[in-house]
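>>> quick one, structure for this:
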Amino acid sequence: MRHPARTSRVLLVAAVLSFVGVLVLGSRVVSAATATANLTVTATVIASCTVTAGTVAFGSYDPTASVNVDQSGTFTVACTRGTPATVGLGTGVNPSGAIRRMTNGVDFLAYELYKETGRTNVWGNTGGALVSLPAAPSNAPQTLTVFGRVAPGQNVGIGAYADTVVITVTF
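Next up, the predicted model:
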């Protein structure tokens with residue numbers, strides 16, 4: 001014979017277990033699933049150089065004096081680290097052959113630009129007249145100095161003389 005209180009307890013325990021099972025199964029149904037993958041990020045660093053303008057200002061020139069007028073100026077070149085380059089200086093907008101000349105309209109004042117302070121190696125735009133820059137150690141600008149000279153005794157009239165020389169960086 002069965003005991004009625006015991007049967008009620010068994011039914012109550014079965015009902016509770018059934019309810020707990022529904023909760024457990026229900027919690028599995030509402031939990032989120034995940035998936036993963038990789039995002040590949042790339043970039044290509046290019047060889048590049050930039051150049052800033054500079055000035056060589058000779059100041060006053062006395063055509064009756066017998067001494068050279070020497071001055072220097074600077075400009076900067078910045079290249080991507082590891083990029084070698086060459087730097088050339090054109091002949092200006094008023095050349096006579098390979099002779100650089102400043103003008104004030106009708107008169108011309110000859111001058112030259114050099115690679116070093118001794119002013120023996122003309123800084124030009126081809127071959128050995130170029131200045132070579134080794135592979136840049138950083139992206140920081142490098143300051144280059146250009147050394148100019150106006151020879152004495154030129155037969156020119158008074159006035160302000162000027163020329164524009166193109167700086168070419170090849171990398």
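>>> what does the longest strand seen in the chain rub up against?
When the chain is parsed with DSSP state E, its longest strand is strand 69-79. For strand 69-79, the surrounding residues in contact (Cβ atoms under 8 Å, 6 or more residues apart in numbering) are 47-59, 61, 85, 87, 117, 119, 133, 136, 139-150, 152, 167, 169, 171. Quick note: C-beta positions are derived from backbone N, CA and C, even for glycine.
>>> partner strands of that strand, with direction?
Strand 69-79 has the following sheet partners, assigned by DSSP bridges: strand 49-51 (antiparallel), strand 142-150 (antiparallel).
>>> that older thread, I'd like to know which of the contacts of strand 69-79 are buried.
Buried members of the contacts of strand 69-79, scored by 16 or more other Cβ atoms under 10 Å, are 49, 51, 54, 56, 58, 61, 85, 87, 119, 133, 136, 142, 144, 146-150, 167, 169.
>>> any idea how this protein splits into domains?
What automatic domain parsing lists as the domains of the chain is 1-31, 49-170.
>>> pLDDT (mean, whole number) over the shortest one?
This points to domain 1-31. Across domain 1-31, pLDDT averages out at 48.
>>> ok so, going back, quick check: what element follows the longest strand of the chain along the chain?
The helix or strand immediately downstream of strand 69-79 is strand 85-89, counting by DSSP states H and E.
>>> now that following strand, how far from the chain's geometric center?
Averaged C-alpha coordinates place strand 85-89 at 16 Å from its chain's average position (Cα atoms, centre = their mean, to the nearest Å).
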